[in-house]
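Visitor: Next come a sequence and a model predicted from it.
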Amino acid sequence: MFIALLSLPSSGQDRIIFSDSISKKDKLFPTGIRVGTDLLSIGKSYYTDYFKGWEINVDADVYRRYYATLDYGSWTTNYKWDNGFYASDGRYFRVGVDVNFLLRDPDRNMFFIGFRRGHTSYTDRTDYIFNEPPFSNLAMHAENVSPKANWNELTSGLRIKVWKFIWIGATGRIKFGYKGKGQDDLVSYDVPGYGRTFKNGWFGLNYQVFFRIPIREEKKPLSLGLPE
Amino acid sequence: MDLDTPSLTHSLLVDTIYVFSKDQEIKLSADTILTAFAIPVDPRLTETKFVIRHNGLYDTLVLGYTNQTIVLSPDCGSAIFQKNLEVKYSTFDSVRVVTNQLLTSAKVNIEIRL
């Protein structure tokens, strides 16, 4: 509830209370939802032969400077070498909160710091030739049927309005706290959404384009316009 | 599996080691006096049987283990290592697991006493 308190000593009353109609419910209800995609994933899919993937990013201003975020993506890798390959395939999501430090920017540009929790379910496998005396040319296969993994991310980035409903943005992320499950036969090498697992502390970058869908008009505080 | 020289060891005339792998019987000829020797486990199985002929006698050793594959890098490819090594069966007087992971850094995995 927005409340303006104003002292008017010349009037008969000590105080006049103005209130507009922004309710608590309105404050917790976003003014719009931004839906975007990661251009780097698309570019990496096009220009490399070991990665195919895409990612959808959504955020909404749920309360003042706080934005709820959701990322959902697909990640497929296929690393080949002379006598074998490793492949992983799965979907992942991240949920979290961004804190916007440009709260009063009229174009809803953002500089934010945030936190994400990531989760993935995937499959992975490797086939290779084992050559170690006295064994030679053994065709080896190892796979994980339904492994899962969780991790955390600290994020920071920008959202810049470029035209009407279009924003571009970049998000940098530091991934940490990786925990994998169901990797009994094969230690996963490249986990969807996280990346290579031998690094506990992994950097990620998205370059995104967003389309903003307005949901409601943001109500501004009343302007009193009193004579000086 | 490597056996190194512990502080109190006796030399052993190892003649032949038979390894019963998944699809073949591998015969490793030693015919020399050893205090330590290396025997290979089959990476396709979770246990491997060995028959060791020494000083004219035959002893049997069955080792159980878990296989785990890791990808070293796209340049180096995949490798397999064994962990949770245990003695499933033995006709030796005493067999003790010293290190239960088969790694090149583990010098002694099993100590055999006669």
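Guide: Perfect, I can see it now.

Visitor: need the next SSE after the least confident helix or strand in chain B by mean pLDDT, C-terminal direction.
Guide: Sorting the helices and strands of chain B by mean pLDDT, DSSP states H and E puts strand B:25-34 at the bottom, at a mean of 78. Proceeding N to C from strand B:25-34, the next assigned helix or strand is strand B:47-54, under DSSP states H and E.

Visitor: CA atoms of that following strand as PDB?
Guide: In PDB, the C-alpha atoms belonging to strand B:47-54 read as follows (Å, rounded to 0.1, in the frame of the first residue of the first chain):
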ATOM      1  CA  GLU B  47      35.900 -60.900 -10.700                       C
ATOM      2  CA  THR B  48      39.000 -62.700 -12.100                       C
ATOM      3  CA  LYS B  49      40.400 -66.100 -11.200                       C
ATOM      4  CA  PHE B  50      44.100 -66.700 -11.000                       C
ATOM      5  CA  VAL B  51      46.000 -70.000 -10.600                       C
ATOM      6  CA  ILE B  52      49.600 -69.400  -9.500                       C
ATOM      7  CA  ARG B  53      52.100 -72.200  -9.800                       C
ATOM      8  CA  HIS B  54      55.000 -71.600  -7.400                       C
END
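
Visitor: near chain A at all, it?
Guide: No - for strand B:47-54, no contact with chain A is found by CB under 8 Å from any CB of the partner chain; the gap never falls below 11.0 Å. Just so you know, the C-beta spots here come from the backbone N, C-alpha and C atoms, and that holds for glycine as well.

Visitor: follow-up on the earlier one: helices or strands up against the least confident helix or strand of chain B?
Guide: Contacts defined by 3 or more CB pairs under 8 Å, 6 or more residues apart in numbering or on different chains; DSSP states H and E place strand B:25-34 against strand B:12-20.

Visitor: In the helix or strand harbouring residue A:95, which residues are buried?
Guide: According to DSSP H and E, residue A:95 maps onto strand A:84-100. Neighbour counts over strand A:84-100 (16 or more other CB atoms under 10 Å in any protein chain shown) mark A:84-90, A:92-94, A:96-100 as buried.

Visitor: After the lengthiest strand in chain A, which helix or strand is next?
Guide: Looking across chain A with DSSP state E, the single longest strand is strand A:110-132. With elements assigned by DSSP H and E, the helix or strand that comes after strand A:110-132 is strand A:135-144.

Visitor: Quick check: buried residues in that following strand?
Guide: Within strand A:135-144, the residues that count as buried by 16+ other CB under 10 Å are A:135, A:138, A:140, A:142, A:144.

Visitor: Only C-alpha atoms, please: export that strand in CSV.
Guide: What follows is strand A:135-144, C-alpha atoms only, in CSV (Å, rounded to 0.1, in the frame of the first residue of the first chain):
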residue,chain,number,x,y,z
PHE,A,135,44.4,-57.9,-23.2
SER,A,136,44.2,-56.4,-26.6
ASN,A,137,41.5,-54.8,-28.7
LEU,A,138,38.7,-55.3,-26.2
ALA,A,139,35.6,-53.4,-27.2
MET,A,140,34.5,-51.7,-24.0
HIS,A,141,31.2,-50.0,-23.3
ALA,A,142,30.1,-48.1,-20.2
GLU,A,143,27.0,-46.1,-19.6
ASN,A,144,24.8,-44.4,-17.0
